[in-house]
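S.K.: sequence below, structure please.
(chains A and B)
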Amino acid sequence: MTVLTIKDLNVTFSTEGGDLRALRDVSFEVPERRIVGIVGESGCGKSTLINAILGLLADNGRIDGGSILFEGQELTALSAPKMRDLRGQRISTVFQDPMGALNPVLSVGRQMQNIQYRSGLSRAEKDARSVDMLRLVRIPDPEHAWARYPHEFSGGMKQRIAIAMALMMEPALLIADEPTTALDATLEVATIELLQDLQQQIGCSVLFISHHLGVIAELCDDVVVMYAGEVVERGTTRQVFNTPRHPYSIRLLECDPARQAERTRNLPTIPGEIPDLRRRPQGCIFANRCDRKVAACDELPPDVAVGDGQVARCILAEAV
Amino acid sequence: MHIGRGGMSAILDVRDLRVTFRVGSITQRRDILGVAGVSFEVNPGETFALVGESGSGKTTLARAVNGLQEISSGSVTFEGNRIDTLDTRSMKPVRRRMSMMFQDPVGSLSPRMKVGDLVTEPFRIHGVADVNLREETRRLLSLVGLPADFAERYPHQLSGGQARRVGVARAVALNPAMIIADEPTAGLDVSVQGEVLNLLNDLRERMGLAMVIITHNLHVVHHVADRMAVMYLGRFVETGDTEEIFQAPAHPYTAALLSANPEPDPDKAHDRIMLPAEVPSLLARPPGCEFHTRCPWAQSKCSTEPPAIVERDERRIACHFPLDPGARPPEQKGAA
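M.R.: Next up, the predicted model:
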């Protein structure tokens, strides 16, 4: 059973310089109870993808093709009020900056009350649930923490409170957008373990966005690699990290300084730049930077299944 | 290379620097220490990394060194001169020698200026008139590996990596002796990150620059930094040679940080030092050693007496009981 199925999704923004194709034929699935990671650099379309799922694309953006199927409902055709019902209830989000998600002038407890406005519980029940939730995310002394204000907590704790709030309504899908980027390695690891535990307990699926390959490797069951608005490769974490098939994934993994055992001042890179998406090249999106480019790469490449669910958008995927 | 303490050779020498922020309402004024007494020096041509989580005081420290943040005590000596006592006007010539690369490269570029004007803005700000700006534009763009026609572009037409190159060009425009780069690779994917770091390192070698890099990416630190300092609650808990610290961290926090560092290998077995995740607030600093609330090695002395700085060869460690190489926690406390 899959919670979220995205099929051939296309998103375009109208800009002064012409239409910008921010997502092209994006397809992947988030199965039940799995943590799916999305990797890609800034500008590869990760945020656009999240906003498209949440129905929060900017006014100049439009979905022009494809489908987003969430728990059997087609989100691209859903009315704004129905979409609002889903957000925060069935799909919730945690962002990089927890302070942006917390209201600085309301106590944590009051905010947790407020987000349960649909639950039909009494105030006392809501409060008890809030305290339970804070305990679940390992906030010390939750009965008292409940009455405190966001600024009284450290960055790691604020992020855990934001996670508690996101999971309060037991959503089917949690979207976590770089939630550990601002934390040091000790807190990053603690947050990853917490997310894994909570995901098991609540039984939700998680879509986890990061450009930290180490965090993805550690946390996620499946990985989706994005480049310039396209999913260039997807598969299980083991498949993608151990036997990447798309040249971009291969190069990306090689570039991680964490994979350079020997200390070096000359780090590997991928020469060249991302193409301008307002004037998208005809063929493969990575062709201008690819060291394996052949003549056939000037045609749009198909998604090539390379076995057991692993898919790469490269004509050479099987040979790589 | 010997690192003289407060030595003659250091280009930057920071002694017991403190930065205080005033918080609270009029009736409940309180001071919190953002930077709580930090000392270090940077040698010419050296890369020095500041590591620590968000909120540990890295950026505040960098701003204090550059005179953008008022300091409450301590001293900053740059190229032999005290600069912490200078007013804004006298600070201006210093900033030609010590340039800053701020976080958020696109945000720090004016959206209404073309790249050509952006890279030569430092000349105008500092009233350097005896240069041909068009030639300087060409020189700087080629220095950071951007084609000359980029001079006509606006910041929104740049990718993240290109915007950082423009930031680098601005930082080196006036031939500084030192660059402070605040999170120079945040938000970049690893391939672009490598390009920016290689560029900075290349310029460091060619121009003999000293560099202070602020980051929380430990893998980056390992590759680029000669020496490093680990910050925790506004203090340095460990300072020393990067390679030596990575091989044998002596402060428990450093040891935990290095053991936690997630690796891009799904099959890797982890042997981690897990810490309780409760980081104390700057409003309520723990007594004694401020790390004792999370330290698996803490003993009773740690909760009452602040540790003195222990010097081991070139290493400085703020700990009562510095670790021996390969030390494991006495008993693994409950994972956070």
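S.K.: contacting residues for A:Lys80?
M.R.: Actually, residue A:80 is Ala. It isn't Lys. Residues in contact with A:Ala80 (CB atoms under 8 Å, 6 or more residues apart in numbering or on different chains) are A:Gly55. (Each C-beta comes from the backbone N, C-alpha and C, glycine too.)
S.K.: neighbours around B:Ile32, how many?
M.R.: Residues near B:Ile32, counting by other CB atoms under 10 Å in any protein chain shown, number 17.
S.K.: likewise for the one 10 residues further on?
M.R.: B:Val42 has 23 neighbouring residues, counting by other CB under 10 Å.
S.K.: pLDDT at it, what is it?
M.R.: pLDDT recorded at B:Val42 is 97.
S.K.: from what I can see it touches B:Leu12, true?
M.R.: Yes. Using CB atoms under 8 Å, B:Val42 is in contact with B:Leu12, at 4.2 Å.
S.K.: intersection of neighbour lists for the two?
M.R.: B:Met178, B:Ala210, B:Val212.
S.K.: run through the bridge partners of the last one.
M.R.: Looking back up the chat, that one is B:Val212. Counting by DSSP bridges, B:Val212 is bridged to B:Phe48, B:Ile180.
S.K.: quick one: what helix or strand has the closest residue to A:Pro142 other than its chain neighbours in it?
M.R.: Excluding the flanking residues, the one nearest A:Pro142 by CB to CB, 6 or more residues apart in numbering or on different chains is A:Leu134, at 3.8 Å. Here A:Leu134 is covered by helix A:123-136, with elements defined by DSSP states H and E.
S.K.: return the set of buried residues in that helix.
M.R.: A:Lys126, A:Asp127, A:Arg129, A:Ser130, A:Val131, A:Met133, A:Leu134, A:Leu136 (16 or more other CB atoms under 10 Å in any protein chain shown).
S.K.: just to revisit the earlier point, can you pick the most crowded of the shared contacts of B:Val42 and B:Leu12?
M.R.: Top of those by neighbour count (other CB under 10 Å): B:Val212, with 26 neighbours.
S.K.: wait, it sits on B:Ile179?
M.R.: Yes. Counting by CB under 8 Å, B:Ile179 is a contact partner of B:Val212 at 7.4 Å.
S.K.: what about the helix holding A:Leu134, distance to the chain center?
M.R.: Using CA atoms, centre = their mean, to the nearest Å, the distance from the centre of helix A:123-136 to the centre of the chain it belongs to is 28 Å.
S.K.: repeat for stretch B:36-44
M.R.: The answer for stretch B:36-44 is 11 Å, by CA atoms, centre = their mean.
S.K.: ok, stretch A:290-301 next?
M.R.: For stretch A:290-301, the distance to the chain centre is 29 Å (CA atoms, centre = their mean).
S.K.: B:Gly145 touches B:Val166, doesn't it?
M.R.: No. Contact criterion CB under 8 Å: B:Gly145 and B:Val166 do not qualify, at 11.1 Å.
S.K.: can you get me a residue count around residue 296?
M.R.: If you meant another chain, say so; for now it's chain A. Neighbour number of A:Ala296 under other CB under 10 Å is 12.
S.K.: you answered for a different chain; I wanted chain B.
M.R.: 18.
S.K.: wait, it touches B:Pro252, no?
M.R.: Yes. The pair B:Pro296 / B:Pro252 is scored as a contact, 6.7 Å apart, by CB under 8 Å.
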